[in-house]
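>>> next comes the sequence, and after it the predicted model I'd like to discuss.
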There are 2 protein chains.
Amino acid sequence: MAKEMSIVQDLSEKELRLAQMFKALGNPIRFRMMHFLAENRMCITGDLVAFTNLAQSTVSQHLKVLREAGLIEGEIEGPATCYCVSEEGLRFLKDEIARWLPNCCAVEDTASGCSCSPA
Amino acid sequence: MAKEMSIVQDLSEKELRLAQMFKALGNPIRFRMMHFLAENRMCITGDLVAFTNLAQSTVSQHLKVLREAGLIEGEIEGPATCYCVSEEGLRFLKDEIARWLPNCCAVEDTASGCSCSPA
DNA sequence: TCTCTATATCGTAAAATTACGATCATCGTA
DNA sequence: TACGATGATCGTAATTTTACGATATAGAGA
């Protein structure tokens, strides 16, 4: 952990958020939940519970991860909580990815492959 | 795990790869390694070991994850192994993300926020 | 107020990830 | 062929993640 910090430390705010989003979406369940949320425009926790077939507490936990990554937004709606995809979050994700690692893989690049020591 | 399959099952090939890429990049160390790799165009395992300050075996393990996600490519170069960012992989990632969840967050969308039960 | 519904949070067990040292395999060279 | 350098893989400990049931919280309605 201490070692990790030394390397991870110098990530910018945006990069940290991007990494957090990657982590959140790295789980297949959460990945799928995002789809569901996007398809259905919005839904309450119970809908995701039915969809995933997981325990309510588990789903709630996954929702928390997605929320903390800024990928979804929740709003208390009466006794339930209504979730939807965060437009700001998704836009951020798409924009950052598009700009990510611009130094490589340009259209007119080495074309493909890794050519070490091109001697 | 069995339950997970029922939900994750119906992910397309591309979606599975995308999720795998997310997972690989979700780790801050690997996230950082991708930067390093992109900045330096290419490098051998030892360079990453020096950069990350982690054990050689650990770095090798991280490289494997990135490789299996199709994000980098390794080529045996004499006694060493030369790694570089997979152009195909990164292009795939960027393209898929750009197309991802197209149903939401269009430019002329609800603008922002989650408005449940708009009654 | 009492209850029902819907969720978040807590505590905990199981599984996966991460990190390390040690070992094994390979290439280039003396 | 033996050696030194470079990395991949193995075995394992520590940490983190994932999932569950139980409990706590809050709104809506009888």
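Yes, it's here.
>>> quick one: the helices in chain A, in order.
In chain A, the segments counted as helices under DSSP state H are A:2-8, A:13-25, A:28-39, A:45-52, A:56-68, A:87-99.
>>> which among those helices is found nearest to residue B:29?
helix A:2-8 (6.2 Å; Cβ to Cβ). In this view, the C-beta of every residue, glycine as well, is placed from N, C-alpha and C.
>>> any idea of the mean pLDDT for the closest one?
Helix A:2-8 shows an average pLDDT of 58 in the prediction.
>>> before we move on, what about stretch A:86-105?
89.
>>> can you give me the buried ones in it?
A:86, A:87, A:89, A:90, A:92, A:93, A:94, A:97, A:100, A:101, A:104, A:105 (16 or more other Cβ atoms under 10 Å in any protein chain shown).
>>> reformat the residues you listed into JSON lines and put distance to residue A:55 next to each item.
Output for the buried residues of stretch A:86-105, formatted as JSON lines (distance: Cβ to Cβ, whole Å):
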{"residue": "A:86", "distance to residue A:55": "25"}
{"residue": "A:87", "distance to residue A:55": "29"}
{"residue": "A:89", "distance to residue A:55": "26"}
{"residue": "A:90", "distance to residue A:55": "27"}
{"residue": "A:92", "distance to residue A:55": "31"}
{"residue": "A:93", "distance to residue A:55": "28"}
{"residue": "A:94", "distance to residue A:55": "32"}
{"residue": "A:97", "distance to residue A:55": "32"}
{"residue": "A:100", "distance to residue A:55": "35"}
{"residue": "A:101", "distance to residue A:55": "38"}
{"residue": "A:104", "distance to residue A:55": "43"}
{"residue": "A:105", "distance to residue A:55": "42"}
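>>> just the CA atoms of stretch A:49-65, as PDB, please.
Output in PDB follows, covering the C-alpha atoms of stretch A:49-65 (Å, rounded to 0.1, in the frame of the first residue of the first chain):
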ATOM      1  CA  VAL A  49     -32.600  -6.700  -7.400                       C
ATOM      2  CA  ALA A  50     -35.100  -8.500  -9.600                       C
ATOM      3  CA  PHE A  51     -32.900  -8.200 -12.600                       C
ATOM      4  CA  THR A  52     -29.700  -9.400 -11.000                       C
ATOM      5  CA  ASN A  53     -31.200 -12.000  -8.800                       C
ATOM      6  CA  LEU A  54     -28.900 -11.000  -6.000                       C
ATOM      7  CA  ALA A  55     -29.700 -10.100  -2.400                       C
ATOM      8  CA  GLN A  56     -31.000  -6.700  -1.900                       C
ATOM      9  CA  SER A  57     -28.100  -5.700   0.300                       C
ATOM     10  CA  THR A  58     -25.700  -6.800  -2.400                       C
ATOM     11  CA  VAL A  59     -27.300  -4.700  -5.000                       C
ATOM     12  CA  SER A  60     -27.400  -1.800  -2.700                       C
ATOM     13  CA  GLN A  61     -23.700  -2.200  -2.200                       C
ATOM     14  CA  HIS A  62     -23.000  -2.300  -5.900                       C
ATOM     15  CA  LEU A  63     -25.100   0.800  -6.400                       C
ATOM     16  CA  LYS A  64     -23.000   2.600  -3.800                       C
ATOM     17  CA  VAL A  65     -19.900   1.800  -5.700                       C
END
